[in-house]
Structures are given as C-alpha cells and as structure tokens.
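S.K.: need coordinates for the below:
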Amino acid sequence: MGISIQKEASDRLKEILSEKQIEGNVVRIFMSGSGCSGPMFNLAVDEVKENDEQIEFEGMKYVVEKSLIEQYEGFEILPFENGEIKSIYVEALSTGDSGCSSCSGCN
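M.R.: The predicted structure follows:
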C-alpha cells in the first residue's frame, strides 16, 4: 500500500512543526524500537533518499525505506486525541516478522 495520511493528522503535524520552529517539508517514518507489543514507529524531518518510497500530501513529502514497506505492508499516519492532548501516531498495516523472543509473553 505504501504511506497514507489523514488530513487531520497532516494538519496536526504542521502545527507541531510550527510550534517547535522546525523547518522542512520531508517527513520520514522510521522504526524507533521494538517491544513485547511489537515494533514502534516514529516521524522525523529528513531528506528523501534513494531507497525511499514517498508520497506528497498538502505540500509535505512523507518517506519511508522501501524495505520497511515490504516488511510491514505500508503505514498510516493518524490523528490521536486523549482529553486535551492532540497529536499523531504511525501505525504499520501488518506486524511483520517481529522476531520477538525476549519475554515470556511472546512465546
């Protein structure tokens, strides 16, 4: 599938970047760690690289390494709201092969 982003998530991301005075229009999805609940993904301002899949949405480019697309079947960037907290999060479309065997809950 690649990358998809909801308009509300795009608007929130632009607000966050503006509030933190971060310039750039290329946002990378990257794997930030893994735990018992599976892989965790995050976003960072970056540059387009040769082995990236990318989409453009409302003046921003969203990129991710093609190998992560293959492993997790794509990503969605979604809005998050909990009370007064409004943010965004990245969700993989599949769990991929986590290879987790470090805790009893995974076995």
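S.K.: so Met71 lies in a helix, does it not?
M.R.: Just to correct that, residue 71 is Gln rather than Met. Yes - the assignment for Gln71 is a helix, going by DSSP: H, G, I helix; E, B strand; the rest coil.
S.K.: show me the longest strand that occurs in the protein.
M.R.: Looking across the chain with DSSP state E, the single longest strand is strand 26-35.
S.K.: how about the helix or strand that it is followed by: buried residues?
M.R.: Per DSSP states H and E, strand 26-35 leads on to strand 38-45 as the next helix or strand towards the C-terminus. Neighbour counts over strand 38-45 (16 or more other CB atoms under 10 Å) mark Pro39, Phe41, Leu43 as buried. (Each C-beta comes from the backbone N, C-alpha and C, glycine too.)
S.K.: where in the protein is pLDDT low?
M.R.: Residue ranges of the chain with pLDDT under 70: 97-107.
S.K.: can you pull out the helices in it?
M.R.: For the chain, the helices defined by DSSP state H cover 7-19, 66-72.
S.K.: and the gap between the closest residue to Ile69 other than its chain neighbours and Ser87?
M.R.: Spatial nearest neighbour of Ile69, excluding adjacent residues (CB to CB, 6 or more residues apart in numbering): Glu53 at 5.2 Å. To Ser87, Glu53 is 24 Å away according to CB to CB, to the nearest Å.
S.K.: more neighbours: the two, which one.
M.R.: Legend: neighbour count by other CB atoms under 10 Å for Glu53 and Ser87, higher for Glu53 (18 against 14).
S.K.: do I have it right that the more buried one meets Tyr72?
M.R.: No - judged on CB atoms under 8 Å, Glu53 makes no contact with Tyr72 at a distance of 11.7 Å.
S.K.: lovely, talk soon.
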